[in-house]
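J.: I would like to see how this sequence folds:
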Amino acid sequence: MASGTQWGAGSWGQPAEGQRSSPGACYRELSRFPAISCAALGATAGGRAFLLHTECSQPDLPRRRLLRFSRHYSVQRTERGLTVSRAALSTEIHNRLLGQDSPSGQRRAVLVRCPLRGHELLEVWDGSGRSHSVDLTALGKHGAVYTEGPFACLAWSHLETQLLYVAEKSRPTLPAACPGHVPEAARPAEDEDEEGERFVYHEGWGERLNTRSAPVLCMLDIKSSSVSVLESVPEHVSPGQALWSPGDTGVVFVGWWHEPFRLGLSACSNRRSGIFHLELASGHCELLSAPNRASFSPRLSPDGQHLLYLEGAVGGPHRQCLQLRLDLLLVDTETATVTNLTAGSPEGCWELLTIQWDLLVATCSAPHRPPSLVMAELPPLGQELPLRWVPVEDTPPVPGITWKTLTVQQNSALHNPQPFEALLLSPTGGTTPHPLVVCPHGGPHAVFDARWRPSMAALCWLGFAMLLVNYRGSLGFGQASIECLQSRMGEQDVADTQLAVEQALRYEPLDPHRVALLAGSHGAFIALHLLTRQPERYQACALRNPVSNLPALLGTSDIPDWRYTSLGLPYSFQRVPHVEDLVVMLQRSPIIQAPRVRAPVLLCVGARDRRVSPTQALELYRVLRAHRVPTRLLWYPEGGHALTGVETEADVFGNCARWFLQHLGRPPVGQHGP
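T.: Predicted structure coming up:
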């Protein structure tokens, strides 16, 4: 019989009666649910028992940090299915940057940072404890190890004798600058090659990767504790996502072209890249994939006979049908068939964490249900359905919230009149009609999938309905939907969002006189257009790092190519702006219509944003203030484009919620019972 752990059912720590409409209390309660980031399975003797290890995180609001911890489970395979039980208490993860189990599951490699000296140590652990520890910083073979983003990896060789990882290329350490005049004889001796190198600009890979410039592939020999940098990687590419080829005789890796200069890589799967194979003995490096494509995420089949990877076009939309997380799919590479493994399961968002042997571990969540951890046993080929998912950590739905998917129908006379979708989250209890907060997503090629979002749920608890709009051009609806938005930015996406709003107001119990906008980046671009075109519809607006002046981004954004391609203009590395280009960009920019804005506007700005320069919000702030629009600007000195971080996210939510409560009025809030 399937078994698991259920927690939180019937014991919701809801805010007290007097605090139920407090933004802080709602956010604290709903952000306490852990996010499960990864999972690994290890087998015991006999193959009937397994150990499941997961790593989780949750905001630690009082200490303003992200709490990371691990959970451990015992999994038994019986005649009646899988049974799962807790194997140990949860333990906090300290100073760990990367971790990876060996192929046998008997060893684990861990990259940690020494809190006292700041050094990075690569450790190997087994059943007896820590067997090896190598101080990578002290060896000085390279700079900081890449621990996240598209380049990062930590890969065991098949024989479990070596480890692959990616780090920043080592550069000479130059002596500190002297504060005043120092006589020539007293200056530190410098090699002639190092003179004049102190202020040389080292180009990064843009937003979230600004300190990542020149990655190198590194190999640790565990027995000798020696590190070597693989020198045969072509100079015109930056390597990452490495894995061992069969027999450990070579390395397969992704190489991103970085000449003549680097374009932003975060959330951009359209950059030129290829799959390379490097033979260790000879140093011969060969391109395996097509030469002018975007190829990445290589994987070896379990038998080591097939190499699989994702591939797309270079240029055009930054994300193109390369990621789908709504359902789990089984692909038979021999017959080219695809099977939906979540058919018949609760609707929501499913993410596969790992598949080892014939066991699958996944998370599932929904807008009203925090993530649950589940696993299943994959039956023989052709017998996949119905798949029996076993709860490991079962989280009940949040009381007081309901949701549905709305299908928005287009006028058949329009270009590409395909319908699109929006998610509607609504409070239960209280009185209707509800005030509405409209959220067009950023990207623009992104998607609001049906996952758990604590901030959206908290706004529902405060009495607001939330409309999450997947306008045409969103991911998950086919390549034609993505391409139909090209050259129509600022027109089609804006019209789609407004159409979704009007249809929701017509058919749902919503208050048409209390409607607000909440968006970031390109979603904020859409919101600004709506404020100027429908000033009577919207009573308040909260924006994060808004796009308002397209031509001004040409020299300030890490993705200048997008300013051209989004409007249907050709782009090349040699392209310089022409007057006609700037006219087209300015005509699509909401800044030129900003004097028409009437609704109060809250701006949340990250000072370190490399994608949308904070000067965009500053310019908008001045224009709105000059036209006497109630405007407030929040400046986050360490904030990037996504405004992440425990303290920043909590502050942004609290300010946005209070802004809506102030300008839309406080909705009556019902009793949210379990």
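J.: so, low pLDDT: which residues of the stretch 501-650 of the chain?
T.: Along the stretch 501-650 of the chain, segments meeting pLDDT under 70 are nowhere present.
J.: could you do the chain as well?
T.: Applying pLDDT under 70 to the chain flags the ranges 1-21, 45-46, 174-194, 321-338, 384-385, 412-416, 669-674.
J.: distance check, the residue nearest to the spatial centre of it against residue 145.
T.: Nearest to the geometric centre of the chain sits residue 267, at 7.7 Å (Cα atoms, centre = their mean). Distance, residue 267 to residue 145, using Cβ to Cβ, to the nearest Å: 22 Å. C-betas here are computed from N, CA, C, even on glycine.
J.: wait, what's in contact with the residue nearest to the centre of the chain?
T.: 318, 319, 443, 446 (Cβ atoms under 8 Å, 6 or more residues apart in numbering).
J.: could you do residue 163 as well?
T.: 109, 122, 154, 155, 156, 157, 219, 220, 222.
J.: kindly recompute the last result at 10 Å.
T.: 100, 102, 109, 111, 122, 124, 132, 134, 153-157, 218-222, 227, 244 (Cβ atoms under 10 Å, 6 or more residues apart in numbering).
J.: likewise residue 459?
T.: 23, 26-27, 30, 401, 425, 427, 435, 437, 439, 453, 465-466, 516, 518, 653, 656-657, 660.
J.: again, but for residue 112
T.: Residues near residue 112 by Cβ under 10 Å, 6+ apart: 93-99, 119-123, 133.
J.: among these, which ones are buried?
T.: Among the contacts of residue 112, the ones that count as buried by 16 or more other Cβ atoms under 10 Å are 93, 97, 98, 99, 120, 121, 122, 123.
J.: I'd like those laid out as TSV, including distance to residue 195 and secondary structure.
T.: Below are the buried ones among the contacts of residue 112 laid out as TSV (distance: Cβ to Cβ, whole Å; DSSP: H, G, I helix; E, B strand; the rest coil):
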residue	distance to residue 195	secondary structure
93	44	coil
97	35	strand
98	37	strand
99	42	strand
120	30	strand
121	34	strand
122	35	strand
123	39	strand
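J.: which among these gets closest to residue 649?
T.: residue 93 (20.2 Å; Cβ to Cβ).
J.: please tell me how far the closest one sits from residue 641.
T.: The value you get for residue 93 to residue 641, if Cβ to Cβ is used, is 27 Å.
J.: which one of the contacts of residue 267 sits in the busiest neighbourhood?
T.: Most neighbours among these, by other Cβ atoms under 10 Å: residue 318, with 24 neighbours.
J.: go ahead and confirm that residue touches residue 558.
T.: No. In terms of Cβ atoms under 10 Å, residue 318 does not count as a neighbour of residue 558; the distance is 11.3 Å.
J.: can you list residues touching both of those two?
T.: Both residue 318 and residue 558 are in contact with 263, 264, 265, 266, 268, where contact means Cβ under 10 Å, 6+ apart.
J.: pull the number of nearby residues for the residue nearest to the third one when sequence neighbours are not counted.
T.: So that's residue 265. Once flanking residues are discounted, residue 265 sits nearest to residue 205: 4.6 Å by Cβ to Cβ, 6 or more residues apart in numbering. Using other Cβ under 10 Å, residue 205 is surrounded by 27 other residues.
J.: ramachandran coordinates for residue 205?
T.: Backbone dihedrals for residue 205, given as degrees, to the nearest 10, come out at phi -100, psi 30.
J.: then residue 394?
T.: Per degrees, to the nearest 10, the backbone of residue 394 is at phi -100, psi 120.
J.: ok, it touching residue 373?
T.: Yes. Contact criterion Cβ under 10 Å: residue 394 and residue 373 qualify, at 8.1 Å.
J.: picking that back up, pull out the buried residues from the contacts of residue 163.
T.: For these, buried by 16+ other Cβ under 10 Å: 100, 102, 109, 111, 122, 124, 132, 134, 153-157, 218-220, 222, 227, 244.
J.: turn the contacts of residue 267 into TSV, including secondary structure and distance to residue 76.
T.: Shown next, in TSV, are these (DSSP: H, G, I helix; E, B strand; the rest coil; distance: Cβ to Cβ, whole Å):
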residue	secondary structure	distance to residue 76
318	coil	45
319	coil	41
443	coil	44
446	coil	41
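J.: looking at those, spot the one nearest residue 497.
T.: Nearest to residue 497 among the contacts of residue 267 is residue 443, at 13.0 Å by Cβ to Cβ.
J.: I'd like the distance between the closest residue to the closest one other than its chain neighbours and residue 567.
T.: Nearest non-adjacent residue to residue 443, counting by Cβ to Cβ, 6+ apart: residue 522, 5.5 Å away. Noted for residue 522: a distance of 13 Å to residue 567, by Cβ to Cβ.
J.: anything in contact with each of these two?
T.: Common neighbours of residue 522 and residue 567 (Cβ under 10 Å, 6+ apart) are 489, 490.
J.: which one of those two is surrounded by more residues?
T.: residue 522 (24 against 18).
J.: I'm done for today, thanks for sticking with me.
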